[in-house]
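Student: dropping a prediction and its sequence here:
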Amino acid sequence: MVDLEAWLRALVATPGLTSLADVEEARRVLLEDSLRGLELVAPEEGPVVDVGSGGGAPGIPLAAALPEREFVLLESVQRKCAFLRRYAPPNARVICGRAEEQGVDWAGCALAKALAPPPVAAEWCLPLVRPGGAAVLCPK
């Protein structure tokens, strides 16, 4: 089981992962807001991919809350991938790469939080999602 409190503390303490400087604010913005998406990913089948995972929100909190689902934390920056590997729950694997380099039609759901403006985020996320799946985009 992942220690979400340790993840939040490390996230706030690690430069370049979030602009939030307070653990309580990070809890509200990164943990609680991520968990509001549970109903959007729970009914789908297949892996959930967090595109541009950064410090792990929303992927890490959702993976911790849905241990029966497979999660992929997709991030292109090696330093961020190293951070994700330290805090990813057992049901989440980290892929260090870009969305456009991944295969198509393999995810049940793609998530993107503050990745890019919605049209751009959709362009990166939708090819990953198999027919009948979903893309959940939270704009910057």
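Tutor: Yep, that arrived. Residues are numbered from 1 along each chain as shown.
Student: contacts for stretch 79-92?
Tutor: Defining contact as CB atoms under 8 Å, 6 or more residues apart in numbering, one finds that stretch 79-92 is touched by 1-2, 6-7, 10-11, 14, 16-17, 53-56, 59-60, 63-64, 66-73, 75, 94, 96. (Glycine included, C-beta is placed from N, CA and C.)
Student: buried members of those into ChimeraX, please.
Tutor: Here is the ChimeraX selection string for the buried members of the contacts of stretch 79-92, based on 16 or more other CB atoms under 10 Å:
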select :2,7,10,11,17,53,54,55,56,59,60,63,64,66,69,71,72,73,75,94,96
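Student: from the contacts of stretch 79-92, which ones fall inside strands?
Tutor: Judged by DSSP state E, strands contain the following of the contacts of stretch 79-92: Phe71, Val72, Leu73, Glu75, Val94, Cys96.
Student: could I get those in TSV, plus columns for pLDDT and distance to Ala88?
Tutor: Listed next are these as TSV, based on pLDDT from 0 to 100; distance: CB to CB, whole Å:
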residue	pLDDT	distance to Ala88
Phe71	97	8
Val72	98	10
Leu73	98	6
Glu75	97	11
Val94	98	6
Cys96	98	12
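Student: low-confidence ranges, the chain, go.
Tutor: Scanning the chain for pLDDT under 70 picks out 1, 140.
Student: packing partners of the strand ranked longest in it?
Tutor: As assigned by DSSP E, the longest strand anywhere in the chain is strand 129-138. Contacts defined by 3 or more CB pairs under 8 Å, 6 or more residues apart in numbering; DSSP states H and E place strand 129-138 against helix 38-41, strand 107-113, helix 118-125.
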